[in-house]
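Asks: Kindly generate the corresponding structure for this input.
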Amino acid sequence: MQLIMPYSSSLTDAEWEILEPLLLQLLPIKKQTRPCNWTKRELLDGMFYQLKNGCNWQDLPKDLPPYSTVYWHYKQWREAGVIVPLMSVLSLFCHSPGRQFPGALSVNQYRLSY
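Replies: Sure thing, here's the model as predicted:
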């Protein structure tokens, strides 16, 4: 089943199949105090939306996770060294011959804001 992509920066199912195993390897194992209300895919969609559109974190659309949640995870993942490898994989696939991904892979051309 393919998810609806409300934004051009949203991950496609094909992109998520590539990133999910990598994300699980890169994220540090932490003691989870309570389950997150948002999936990692939804959090990445929020990060990619901000990255592609260059908006303030507070201006994320309301159908994405809350900006404070997305930004908190972004900071945690950036400090853990997760963001750069993810972007490198996205860049590799974006520049592979014959690969045409319409979603988040197009954000590799934008720089990450801190």
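
Asks: Could you give the secondary structure assignment for the spatially most central residue of the chain?
Replies: In the chain, the residue lying closest to the centroid (C-alpha atoms, centre = their mean) is Leu44, at 2.4 Å. Following DSSP: H, G, I helix; E, B strand; the rest coil, we place Leu44 in the helix state.

Asks: Near the residue nearest to Pro61 when sequence neighbours are not counted, how many other residues are there?
Replies: Spatial nearest neighbour of Pro61, excluding adjacent residues (C-beta to C-beta, 6 or more residues apart in numbering): Tyr49 at 7.1 Å. C-betas here are computed from N, CA, C, even on glycine. Here the number of neighbours of Tyr49 (other C-beta atoms under 10 Å) works out to 22.

Asks: so what's Tyr49 up against?
Replies: Contact analysis of Tyr49 by C-beta atoms under 8 Å, 6 or more residues apart in numbering lists 7, 9-10, 55, 60-61, 64.

Asks: switch the cut-off to 10 Å
Replies: By C-beta atoms under 10 Å, 6 or more residues apart in numbering, the contact set of Tyr49 is 6-10, 55, 59-61, 64, 70, 104, 107.
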